[in-house]
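S.K.: Pasting a predicted model and its sequence here:
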Amino acid sequence: MSQSLSTATVFVSNPQGLHMRPANLLVTTACKFSSTLKLVREGQSVDAKSILGILTLGAVQGSQIDLFADGPDAEIAISTIVDLFQRGFDEPAE
Amino acid sequence: MKFSDFIAPQALVPILSSTSKEAVIGELVDALVTSGNIPAADRDDIIRAIMKREELGSTGIGRGVAVPHTKHVGVDRLVGTVGVSQEGIDFDSLDGHKAELFFLLVSPPDRPGDHLRALENISRQLRNDTFCRFLKQSKTGDDISQLLKEADDNHFGS
């Protein structure tokens, strides 16, 4: 399979922000893909497969995050992660 | 946010005696009760809430670190403490390793931003190997206090 790059921009929609539970879900999801996956918020870039990395973003509700994937499954990885953000990480409304 | 904004210096537990997940959560909550940071009347309920949160997925995030936490109406600002276990405690961590460093947080229900900023600070410092090593070597509350202060003063970079 050929190498490919894919990118997208998402917003944190769940009220609690990117706290530990969504971060964990994000890592679990990202690790299903062989592509390298990065999240960038306000110039800070972290590995989507590292929970410590994601937590250092401190991304509150409304934060803009740019997603970058590089690898054979980049496109599907991006669409899966975009979907996760759009569903607000399936967090219950409070 | 800095450690000094939410870590209670009188509640630090440099030598944890607990050997189980529930016991270590109790030991750290008790330290926050004894130091006057959370009401004694809420102790049991807070422990229950933290354990319930753990059932949703362990807060043992790897690197020998766990961040048990909950929201609770018994506090009007974010409070937390730090505990160190030399032997390590099985915490169902994501990487399967025992947890040695514990950051326990209790935050008011209406302040998700503060909780996120505390997680941001903790995770940023924990990415630094020197910080982790020094924390594991801490023998007294003063050792931990000093280390947290140095972290607050950006001694560990990143």
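M.R.: Arrived safely, thanks for sending. Nothing here was measured: the structure is a model prediction, and the numbers come from that model.

S.K.: Can you pull the residues of chain A lying near chain B?
M.R.: For chain A, the residues in contact with chain B (Cβ under 8 Å from any Cβ of the partner chain) are A:15-21, A:24, A:27, A:51-53, A:55-61. Any C-beta I mention is one placed from the backbone N, CA and C, and that applies to glycine too.

S.K.: rerun that using 6 Å as the cut-off
M.R.: A:16-17, A:19-20, A:24, A:51-52, A:55-56, A:58, A:60 (Cβ under 6 Å from any Cβ of the partner chain).

S.K.: Give me the spatial nearest neighbour of whichever residue of chain B sits closest to chain A, chain neighbours excluded.
M.R.: Residue nearest to chain A within chain B (Cβ to the nearest Cβ): B:E120, separated by 3.3 Å. Spatial nearest neighbour of B:E120, excluding adjacent residues (Cβ to Cβ, 6 or more residues apart in numbering or on different chains): A:G58 at 3.3 Å.

S.K.: Kindly provide the distance from that neighbour to B:R117.
M.R.: 6 Å (Cβ to Cβ, to the nearest Å).

S.K.: which one of those two has more residues nearby?
M.R.: A:G58 (24 against 19; other Cβ atoms under 10 Å in any protein chain shown).

S.K.: Next up, the contacts around the more buried one.
M.R.: Contact analysis of A:G58 by Cβ atoms under 6 Å, 6 or more residues apart in numbering or on different chains lists B:116-117, B:120.

S.K.: Look at it and give its secondary structure.
M.R.: Under DSSP: H, G, I helix; E, B strand; the rest coil, the three-state class of A:G58 is coil.

S.K.: Could you pick out the longest strand of chain B?
M.R.: Looking across chain B with DSSP state E, the single longest strand is strand B:79-89.

S.K.: Now do that strand: everything it contacts.
M.R.: By Cβ under 6 Å, 6+ apart, strand B:79-89 touches B:6-8, B:11-14, B:16, B:24, B:28, B:31-32, B:37, B:98-100, B:102-106, B:138, B:144.

S.K.: Of the residues you listed, which belong to helices?
M.R.: B:24, B:28, B:31-32, B:144 (DSSP state H).

S.K.: give the contact list for B:P14.
M.R.: Counting by Cβ under 6 Å, 6+ apart, B:P14 has contacts B:84, B:138-141, B:144.

S.K.: Buried members of the residues you listed into PyMOL, please.
M.R.: Burial among those is assessed by 16 or more other Cβ atoms under 10 Å in any protein chain shown; the matching PyMOL selection reads:
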select buried, chain B and resi 84+138+141+144
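
S.K.: Format the contacts of B:P14 as JSON lines; extra columns: distance to B:D42 and pLDDT.
M.R.: JSON lines is the format used below for the contacts of B:P14 (distance: Cβ to Cβ, whole Å; pLDDT from 0 to 100):
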{"residue": "B:V84", "distance to B:D42": "25", "pLDDT": "98"}
{"residue": "B:S138", "distance to B:D42": "28", "pLDDT": "96"}
{"residue": "B:K139", "distance to B:D42": "31", "pLDDT": "95"}
{"residue": "B:T140", "distance to B:D42": "28", "pLDDT": "97"}
{"residue": "B:G141", "distance to B:D42": "23", "pLDDT": "97"}
{"residue": "B:I144", "distance to B:D42": "24", "pLDDT": "97"}
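
S.K.: any idea which of the residues of chain A next to chain B has the most stuff around it?
M.R.: A:L55 (27 neighbours).
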